[in-house]
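Student: Any chance you can model this:
(2 chains)
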Amino acid sequence: DSGVTQTPKHLITATGQRVTLRCSPRSGDLSVYWYQQSLDQGLQFLIQYYNGEERAKGNILERFSAQQFPDLHSELNLSSLELGDSALYFCASSVSAEIYNEQFFGPGTRLTVL
Amino acid sequence: GQNIDQPTEMTATEGAIVQINCTYQTSGFNGLFWYQQHAGEAPTFLSYNVLDGLEEKGRFSSFLSRSKGYSYLLLKELQMKDSASYLCAPVRDGQNFVFGPGTRLSVLP
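Tutor: Prediction:
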């Protein structure tokens, strides 16, 4: 158990819909990272937040957005969903902003878009 | 593109040593991650290399050559539980990183 929690565990929705994935970091960690893993694209870094502010951006689509709240939990919002958005979404947390810190991954949310 | 190259699959025997290679483009390079991921599970951090040379951490070691755009992960005394995918991820331009396609390692008895 990494100490990072993600909800929900599974999510099934339809094309065109909007969903919100939630992540609570390990106690004391200030950075949250979001990743997408699909069979055809592999593991992709989406975005990093540190202490409420966006810190780094990877391959995040414009239809996707994230935020980190004052209590440090984070939400990833996916809108206008397409079939290709079906994937496992992981969040990870680390103690500070620097990229070289060990990241601890949550168990993931499996999103299925029908 | 990032042109990160890893072998797709490798097979080794329990107790043996295996080396998993990763090559990448060197422009803007800062450092390189190695992660382990068991099937159906989240990735687990193994190492982050910044300097040239070998860093040892128990049965796992990671090597980096910045000028050659080359890294490898060395796994010694292989155990069945080491069967997993191993992902390298070069970091460039400060905070931007991309994962390689991963190497699926099968450890046989």
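
Student: What is the burial count for residue 3?
Tutor: Using chain A here. By the criterion of other CB atoms under 10 Å in any protein chain shown, A:Gly3 has 13 neighbours. C-beta: built from backbone N, CA, C; applies to glycine.

Student: please go with chain B instead
Tutor: By other CB under 10 Å, neighbour count at B:Asn3 equals 11.

Student: any idea how far B:Gln19 is from it?
Tutor: Going from B:Asn3 to B:Gln19 by CB to CB, to the nearest Å gives 20 Å.

Student: which residues of chain B fall in strands?
Tutor: Here chain B has its strands, by DSSP state E, at B:9-13, B:18-23, B:29-37, B:44-49, B:53-57, B:60-65, B:70-75, B:84-92, B:96-97, B:103-108.

Student: next one: chain A
Tutor: A:5-7, A:10-13, A:19-24, A:31-38, A:42-50, A:53-57, A:64-68, A:74-78, A:87-94, A:104-105, A:109-113.

Student: quick one, which of those is nearest to B:Lys57?
Tutor: strand A:104-105 (16.6 Å; CB to CB).

Student: close to chain B, is that closest one?
Tutor: Yes - legend: contact between strand A:104-105 and chain B by CB under 8 Å from any CB of the partner chain is shown at A:104-105.

Student: Quick one: distance of that strand to the chain centre.
Tutor: Remark: strand A:104-105 is offset 11 Å from the chain centroid, using CA atoms, centre = their mean, to the nearest Å.

Student: Parallel or antiparallel, list what pairs with that strand.
Tutor: strand A:87-94 (antiparallel) (DSSP bridges).
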